[in-house]
Structure formats: C-alpha cells, structure tokens
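In: how does the following fold in three dimensions:
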Amino acid sequence: MPSKVRIALDAMGGDDGAAVVIPGAAISLARHRDTEFLLVGDRARIEPELDRHLELKAVSRIVHTDVAVSGSDKPSQALRRGRKTSSMWLAIDAVKKGEADVAVSAGNTGALMAMARFHLRTLPGIDRPAISAIWPTTRGQTVVLDLGATIGGDARHLVALAVMGAAMVSVVFDKKRPTVGLLNIGTEEIKGHEEIREAAEMLRAMDLPELEYIGFVEGDGIGKGMADVIVTEGYSGNIALKAAEGTARQMADLLRHEIQRSWLAKLGYLFARNAFQALRDKMDPNKSNGGVLLGLNGLVVKSHGGINAEGFAYAIDVGYEMAHYDLLNKINQMLNREGGALNSVQTAQEAVS
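Out: All right, here's what the predicted structure looks like:
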C-alpha cells in the first residue's frame, strides 16, 4: 500500500467543472487524510475555489491548462483537439508518468475512454477495457461491467470481463471465489445472442478457480444481488445503469409526493423517518458514483457529469480505494500469471468451437 495516494483530478470535466471538483475533493480528503491532489485545469477557475478549502490547498498542486474536452466531442475529435493539452489528457498523463496513482474525471465518457486507452494501453491479454461499478443490492454489493465503455463484444470479450470483474471483487471485497452471472433476457440456456451462449459454454468449460459461474441472470437479478459479478456488453449495461438510476429518482419523487398528500401521511412519515432515511441512503445514486475503467495499464475513474460535490467525492473515494489496495497489480497478477485465468480462454474457446 502506498504511504500517500496521489489523485489527479480533471478540474474542467463535468457540467460544473471546478465548482464541483474542488469541494468534492475537500469532502473526500476529510475521509482520507493520506491523499494528495493534482488539480488539472484553468488556474483562474481553480484558485478561487481552492481558497475556500485551505486543508485541501495544503495538499494540492495545480497543473494549468485552459483546454477542456467538450461533452459533445466525439472520441476522435477529443483525441485530435485535446491530446497533450486538455485537462482530461493531462490528468491521465500524470498516471502514465507515475505522478499520480489514479485519475478521476467527470468529463465526456467516450473521450475519457479513448484517451485512457490510447495513452495507457490495456493490460496483457485484454483487448478492450470496460467500465465497472459497484452496484448496491438487497444482499450487499455487486460489481457490474461493462457499463458503456464499448458496444458489443464476442464471447472471448465477455469471458475476459467475467475474469476482470471476479478479480476486482476478490480484491475489493476479499472473496476468494466470487460468483459470476451473464446478463441475459432469460435464464434458459437457449436464450440470448450467440456470443452470450458461447461465453456461457466457455466459462463452464474453463471451471476457473478464480470464479464460480452460476449461469444467466435477468435484469431484475442485478438488484437482487444474485451474483457477485454481473457481466454484459456496454450497450445493455449502460441502459441497465441509466434505468436503475432513473427508477431510484422516480421512487424518491413519488414517495415525496405521497407524503405531502395528507396530514396522516406526514404523521406516518414522522414515525418512520429513520426507515425512510435508510432507504434514501441506499437508493442515493450519488453514493454509487464512480466507474472504474477496468483493463487499462493504469487506474482511471469516471464520474457522472451532472453530479454534485458529494457525489464527486464518492468517485474520488473509489479511486482512492483502487489505488490504496493496489488493485491494478493484483488484477494483473491474477489475470496473467503462469496458468492464470486469461491463459485458459483460448483453450476453452477451442473446446466449445
């Protein structure tokens, strides 16, 4: 474990830039005193915010740039316009150079993935990285991936996601053999696209000591916590994520409306206030903010763009945990050691073909 965790923040990413990033960093610092920050962005915008948080200022260094990646930029445009000059690139570059242990950005997801993949490259054996996140469930927490890094993927890609997700769970939650399920439209073996069915056959054939494959999981199984790891390709994964976040907000709005309808409802709320608060805490999307770009040769965390300071602090917390427990090296060792999991993928692919 490093004595200090150094975090590079894209201070111009997201809807509000430094106005959210800096107070978010201050909140996270209060929880993790062994943190140092590299604040990348326009000094004229960062310094006024930083002057309001003196403890944060004492452990921070500013890297100035006035170039920001737009939320509307396509990944190719972001690479052309922002390479070597934008706040997003320079935050990633700090990880590449060893000046930071992890980079956190609330900027354009496609641009962040493109820049991180281009500059950091992927781990040996990984063709495409994925966005993974810790998802709250009725049984605890589940790691879900891919949440939108890339669209589509063959069976080998899905198996690689399963292995990476299991590696992350084993490190973060200290589980020796996490359970893994493939997200599908049904639990029957005949359902789903060909690549999903093939991935299932491969996982059964591999019978890895690093994970326990339990079969297909339907959409409602994510929230039920039916597996420690839920694997899907990025298109359906992102839809599942946005649907869950929207449902959580909808439930909160409906509950607030119903409580205001009568004095009896308000009285009932007073008696059940602690229970409602606990429910609100569990369903708060802010507390699930922070997706890890898994599979890269460096640690990068993606925050939602429209998040508030408290929510951004949670994304920083995720980055802190990943770096503090040396997740990158531990996953690399699990995936690529002699006889490791990814070395079994080709054998399994040949066995089911």
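
In: pretty sure residue 182 belongs to a strand, no?
Out: Yes - judged by DSSP: H, G, I helix; E, B strand; the rest coil, residue 182 forms part of a strand.

In: so what sits opposite it in the bridge?
Out: residue 216, residue 231 (DSSP bridges).

In: tell me the pLDDT of it.
Out: The model reports residue 182 with a pLDDT of 96.

In: ok, it touching residue 227?
Out: No - contact criterion CB atoms under 8 Å: residue 182 and residue 227 do not qualify, at 9.1 Å. Heads up, the C-betas are built off the backbone N, CA and C, glycines and all.

In: which residues are in contact with each of these two?
Out: Here residue 182 and residue 227 have residue 217 as joint contacts, going by CB atoms under 8 Å, 6 or more residues apart in numbering.

In: and those two? Which one has more around it.
Out: residue 227 (29 against 24; other CB atoms under 10 Å).

In: the nearest residue in space to that one that is not next to it in sequence: how many residues sit nearby?
Out: Counting by CB to CB, 6 or more residues apart in numbering, the nearest residue to residue 227 once its immediate chain neighbours are dropped is residue 181, at 3.7 Å. As a burial measure, residue 181 scores 26 neighbours (other CB under 10 Å).

In: what's opposite the residue nearest in space to the middle of the chain in the beta bridge?
Out: Nearest to the mean C-alpha position of the chain, counting by CA atoms, centre = their mean, stands residue 291 at 1.2 Å. For residue 291, the beta-bridge partners under DSSP bridges are residue 302.

In: need the contact list for it.
Out: 131, 132, 133, 147, 301, 302, 303.

In: now swap in residue 106 and tell me
Out: Counted by CB under 8 Å, 6+ apart, residue 106 has contacts 10, 13-15, 20-21, 302-305, 307, 312, 315.

In: could you list the low-confidence segments of the stretch 51-200 of the chain?
Out: Along the stretch 51-200 of the chain, the model assigns pLDDT under 70 to no residue.

In: likewise the stretch 201-350 of the chain?
Out: Using pLDDT under 70, the stretch 201-350 of the chain drops low at 265, 267, 269, 271-273, 275-285, 336-350.

In: so where do the strands sit in it?
Out: Counting by DSSP state E, counting those that start in this stretch, the stretch 201-350 of the chain has strands at residues 212-217, 229-231, 291-294, 300-302.

In: contacts for the second one, please.
Out: When contacts are taken as CB under 8 Å, 6+ apart, the neighbours of strand 229-231 outside the stretch itself are 135, 142-146, 158, 161-162, 165-166, 168-169, 178-183, 199, 211, 217, 221-222.

In: repeat that for the last one.
Out: For strand 300-302, the surrounding residues in contact (CB under 8 Å, 6+ apart) are 92, 95, 102-106, 109, 112-113, 116, 120, 131, 290-293, 315-316, 318-319, 322.

In: one more time with 6 Å, if that's ok
Out: With contact meaning CB atoms under 6 Å, 6 or more residues apart in numbering, strand 300-302 is reached by 103, 104, 109, 112, 116, 290, 291, 292, 293, 315, 318, 319.

In: same question for the first one.
Out: Defining contact as CB under 6 Å, 6+ apart, one finds that strand 212-217 is touched by 177, 179, 180, 181, 182, 183, 184, 187, 203, 226, 227, 230.

In: and with 10 Å instead?
Out: 142, 159, 162, 166, 175, 177-189, 191-192, 196-197, 199-200, 202-207, 221, 224, 226-232 (CB atoms under 10 Å, 6 or more residues apart in numbering).

In: buried subset of these, written for ChimeraX?
Out: Only the buried entries of the contacts of strand 212-217 go into this ChimeraX selection, using 16 or more other CB atoms under 10 Å:
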select :142,159,162,166,178,179,180,181,182,183,184,192,196,197,199,200,202,203,205,206,221,226,227,228,229,230,231,232
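
In: now go through the contacts of strand 212-217 and say which are in helices.
Out: Of the positions in the contacts of strand 212-217, 159, 162, 166, 196-197, 199-200, 202-206, 221, 224 sit in helices, assigned by DSSP state H.

In: how about the residues you listed, which pair is most distant?
Out: Spanning the widest gap among the ones in helices among the contacts of strand 212-217 are 205 and 224, at 27.0 Å by CB to CB.

In: need the contact list for residue 28.
Out: With contact set as CB under 10 Å, 6+ apart, residue 28 has these partners: 7, 9, 35, 37, 56, 104, 309-310, 312-320.

In: equivalent analysis for residue 184, please.
Out: 191-193, 196-197, 200, 215-219, 221, 231-232, 236.
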